[in-house]
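Undergrad: my questions concern the predicted model and sequence given below.
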There are 2 protein chains.
Amino acid sequence: MNSIKVAYQGEIGAYSEIAAARIGTPVHFPSFAQVFKAIVEGLVDCGALPIENSLGGAIYENYDLIFKHPVEIVAETFVCVEHCLMGLPGASLETANQVLSHPQALAQCSKFLNEYPKIAIVPTYDTAGSAKMIKQSGEKDKLAIASENAAKFYGLEIIRRHIATHQDNFTRFLIVAKKGIDKKLLGIKLSEDKTSIVFALQHETGSLFHALSVFALRKINLTKIESRPSGERPFEYLFYVDYLRPETKIERRALDHLAEISTLIETLGQYGCIGERAY
Amino acid sequence: MNSIKVAYQGEIGAYSEIAAARIGTPVHFPSFAQVFKAIVEGLVDCGALPIENSLGGAIYENYDLIFKHPVEIVAETFVCVEHCLMGLPGASLETANQVLSHPQALAQCSKFLNEYPKIAIVPTYDTAGSAKMIKQSGEKDKLAIASENAAKFYGLEIIRRHIATHQDNFTRFLIVAKKGIDKKLLGIKLSEDKTSIVFALQHETGSLFHALSVFALRKINLTKIESRPSGERPFEYLFYVDYLRPETKIERRALDHLAEISTLIETLGQYGCIGERAY
């Protein structure tokens, strides 16, 4: 680990810590808002924020926080989520009464958990936080579902691996830093082949079709689209779109074209991927 | 409340309970998966499931669960999320050390919480669950952020109302029942003006544009679109789309047209709204 400080939300051993460690030294904060505060105030060099999970879905909150703060996306990275069942030394599936984890992790392991109907399912705020709670309680009849890193950090033993129903479980993280930062200072030397933008449209029949024509006409490849009410004005929708960048002149024209028909348009970052893209 | 049993996920006093009570008698379950199991096994008549929040975003998990179970959407309803700060009788902002709530609720009240930097923010698995924890602990120095219903049920006093940064905070719930159910048995007599579908596309440049042309050419009004990797086959994307229904013949043609270009297409329900649509 180098001297670059990377903020993440969650406990030590969280999946976010794995993403943060790909850039520098992870520093944990209790909330996403505090991660952004730390970036803007210069307490850290950047942050690693989960933005979507291949099974669980999007985390809009982080798109919004990127949009609202003077920051930009400088890279993305995909972390494979490998849920492990863990407990204190001596704990076992046979003697357990409770299994603790984040509701999403519990749902992702539901097929496995259904085989043990006598073990009560206890939702908690965090996967790694569940491991921490078991360590602190000293109770052998409680198990947690969390990452291998969490087991190591809290001194728990892994009882079973690969307990998720679907093995193909990836979380996409965005690495975010102060707007205008020189990416080389973060050790990032990636080809910037993806752009994330946000734009708003009046809710009229065909307005999205019209907006997407801007990309389709120029054969620009969209990799993600999300819509939701803007929350600012009734019947205005916000769209978060990612696309693989065409040559600069074409991209510029597409964004100018989109600006003509949008009530708002903002580029959130142009960036590459650390490691392989999972999707 | 009538004799129709409506399953929801969460503790008593959860926002989901408000949605469930609009149909019948709420019955709570610890997880979304258990809500679906109860519907399919006939333990309840239907379920009320949060699908998106105007600030927080989508809950894909529930779309997936609808897709995977022999159920259909029979109605939607919007619940205004009004976060209240609460504590045991005698608790106050001046003497509090901790405030407990679900991470999303904490984030939505961050502006208010920032005014009290001495109060530690403690994320939990649930808003109503936080109220329950305070009731059980008997500790006056802990506060919770939850609904007014949660305060009433757990005997907590409301210290402050309207603490969310944005007041325009609505959660959209889907009412789900066994496939083919006679909606009148649930007391639902709404005009079925919305359809939810899911379809899959191979990830090729312009494939989404092509799919949306099916709707745009027929002037069909989309109200929601979500994309994500299908998780089944690499580079295949799933799209969840809602639209306001045109006349039946036109809708049939649009879906037939979409089926020609999709690798999968399924209708999740045709339904109306209980109360007003918030967005």
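TA: Alright, I've got the coordinates.
Undergrad: so which helix or strand takes in the residue nearest to the spatial centre of chain A?
TA: In chain A, the residue lying closest to the centroid (CA atoms, centre = their mean) is residue A:50, at 1.2 Å. Assigned by DSSP states H and E, residue A:50 belongs to strand A:46-53.
Undergrad: ok, what's across the strand from the residue nearest to the centre of chain A?
TA: residue A:173 (DSSP bridges).
Undergrad: my guess is it contacts residue A:172. True?
TA: Yes. In this structure, residue A:50 is within contact of residue A:172 by CB atoms under 8 Å, at 7.3 Å. For every residue, glycine as well, the C-beta is placed using N, CA and C.
Undergrad: rewinding a little: name the helices or strands packed onto the strand holding residue A:50?
TA: strand A:5-9, helix A:15-21, helix A:32-40, helix A:60-68, strand A:71-80, strand A:170-178 (3 or more CB pairs under 8 Å, 6 or more residues apart in numbering or on different chains; DSSP states H and E).
Undergrad: mind redoing it with 7 Å?
TA: strand A:5-9, helix A:15-21, helix A:32-40, helix A:60-68, strand A:170-178 (3 or more CB pairs under 7 Å, 6 or more residues apart in numbering or on different chains; DSSP states H and E).
Undergrad: does any part of the second one sit near chain B?
TA: No. Using CB under 7 Å from any CB of the partner chain as the criterion, no contacts between helix A:15-21 and chain B are found, and the smallest distance is 12.7 Å.
Undergrad: for that helix, list every residue counted as buried.
TA: A:15-21 (16 or more other CB atoms under 10 Å in any protein chain shown).
Undergrad: with respect to residue A:32, which of those residues is nearest?
TA: Taking CB to CB as the measure, residue A:32 lies nearest residue A:16 of the buried residues of helix A:15-21, at 9.9 Å.
Undergrad: can you tell me the element residue A:271 falls in?
TA: strand A:264-274.
Undergrad: how about that strand as CSV, C-alpha atoms only?
TA: Extracted in CSV, the C-alpha atoms of strand A:264-274 (Å, rounded to 0.1, in the frame of the first residue of the first chain):
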residue,chain,number,x,y,z
LEU,A,264,-29.6,19.8,-17.5
ILE,A,265,-26.5,18.0,-18.5
GLU,A,266,-23.3,17.3,-16.6
THR,A,267,-20.3,15.1,-17.2
LEU,A,268,-19.4,13.2,-14.0
GLY,A,269,-16.1,11.9,-15.3
GLN,A,270,-14.0,10.3,-18.1
TYR,A,271,-12.1,7.3,-16.9
GLY,A,272,-10.7,3.8,-17.4
CYS,A,273,-10.9,0.6,-15.4
ILE,A,274,-8.5,-0.7,-12.8
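Undergrad: quick one: that strand to chain centroid distance?
TA: In this view, strand A:264-274 has its centroid 15 Å away from the chain centroid, taken as CA atoms, centre = their mean, to the nearest Å.
Undergrad: wondering if that strand reaches chain B at all.
TA: No. Applying CB under 7 Å from any CB, one finds strand A:264-274 out of contact with chain B, separated by at least 14.7 Å.
Undergrad: contacting residues around that strand?
TA: Here strand A:264-274 makes contact (CB atoms under 7 Å, 6 or more residues apart in numbering or on different chains) with A:22, A:66-67, A:72-77, A:190-200, A:245, A:255, A:258-259.
Undergrad: filter the residues you listed to the buried ones?
TA: Looks like the contacts of strand A:264-274 have A:22, A:66, A:72-77, A:194-200, A:245, A:255, A:258 buried, using 16+ other CB under 10 Å.
Undergrad: hang on, the earlier thing: lowest average pLDDT across the helices and strands packed on strand A:46-53?
TA: For the helices and strands packed on strand A:46-53, mean pLDDT drops lowest on helix A:60-68, to a mean of 83.
Undergrad: that one packs against which elements?
TA: Contact partners of helix A:60-68 among helices and strands, from 3+ CB pairs under 7 Å, 6+ apart: helix A:32-40, strand A:46-53, strand A:264-274.
Undergrad: now with 6 Å?
TA: On a contact count with 3 or more CB pairs under 6 Å, 6 or more residues apart in numbering or on different chains; DSSP states H and E, helix A:60-68 meets helix A:32-40.
Undergrad: show me the contacts for residue A:109.
TA: The contact partners of residue A:109, taken as CB atoms under 6 Å, 6 or more residues apart in numbering or on different chains, are A:83, A:145, A:163-164.
Undergrad: after whatever helix or strand residue A:214 lives in, next one along is what?
TA: According to DSSP H and E, residue A:214 maps onto helix A:207-216. Scanning forward in sequence from helix A:207-216 by DSSP H and E, the next helix or strand is strand A:221-229.
Undergrad: that following strand to strand B:46-53, inter-axis angle?
TA: Interaxial angle of strand A:221-229 relative to strand B:46-53 (axes from the mean of the first three to the mean of the last three CA atoms, to 10 degrees): 110 degrees.
Undergrad: close to chain B, is the helix or strand following strand A:221-229?
TA: Using DSSP H and E, the helix or strand that follows strand A:221-229 in sequence is strand A:236-244. No. Using CB under 6 Å from any CB of the partner chain, strand A:236-244 never reaches chain B; the gap is at least 8.4 Å.
Undergrad: would you mark the buried spots in strand A:236-244?
TA: Buried-residue list, strand A:236-244, by 16+ other CB under 10 Å: A:236-243.
Undergrad: identify the residues contacting it?
TA: Defining contact as CB under 6 Å, 6+ apart, one finds that strand A:236-244 is touched by A:63, A:194-201, A:203, A:220-228, A:230.
Undergrad: residues of chain A that sit close to chain B?
TA: A:30, A:33, A:54-55, A:57-58, A:60-61, A:107, A:110, A:121, A:123-125, A:166, A:168, A:205-206, A:209, A:212, A:216, A:219, A:221, A:225, A:227, A:229, A:231, A:279.
Undergrad: buried ones among those?
TA: Buried among those (16+ other CB under 10 Å): A:30, A:33, A:54-55, A:57-58, A:60-61, A:107, A:110, A:121, A:123-125, A:168, A:205-206, A:209, A:212, A:216, A:221, A:225, A:227, A:229, A:231, A:279.
Undergrad: counting contacts, what elements does the longest helix seen in chain A pack onto?
TA: Longest helix in chain A by number of residues (criterion: DSSP state H): helix A:248-261. Helix A:248-261 is packed against helix A:207-216, with contacts defined by 3+ CB pairs under 6 Å, 6+ apart.
Undergrad: please repeat the previous calculation with a cut-off of 7 Å.
TA: When contacts are defined as 3+ CB pairs under 7 Å, 6+ apart, helix A:248-261 packs onto helix A:207-216, strand A:264-274.
Undergrad: can you pull the buried residues of the longest one?
TA: Read it as strand A:264-274. A:265, A:268-274.
Undergrad: one step back: wait, which of the buried residues of helix A:15-21 is closest to residue B:89?
TA: Checking the buried residues of helix A:15-21 one by one against residue B:89 (CB to CB), the nearest turns out to be residue A:16, at 38.6 Å.
Undergrad: residue contacts, the residue nearest to the closest one when sequence neighbours are not counted?
TA: Closest residue in space to residue A:16, ignoring its immediate chain neighbours: residue A:8 at 3.9 Å, by CB to CB, 6 or more residues apart in numbering or on different chains. Residues in contact with residue A:8 (CB under 7 Å, 6+ apart) are A:14, A:16-17, A:19-20, A:26, A:28, A:35, A:47-48.
Undergrad: name whatever forms a beta bridge with residue A:8.
TA: Applying DSSP bridges, one finds that residue A:8 bridges with residue A:28.
Undergrad: mean pLDDT lowest for which of the helices and strands packed on helix A:248-261?
TA: helix A:207-216 (a mean of 92).
Undergrad: what about that helix, distance to the chain center?
TA: 27 Å.
Undergrad: any weak-confidence spans in the stretch 101-250 of chain A?
TA: A:229, A:231-235 (pLDDT under 70).
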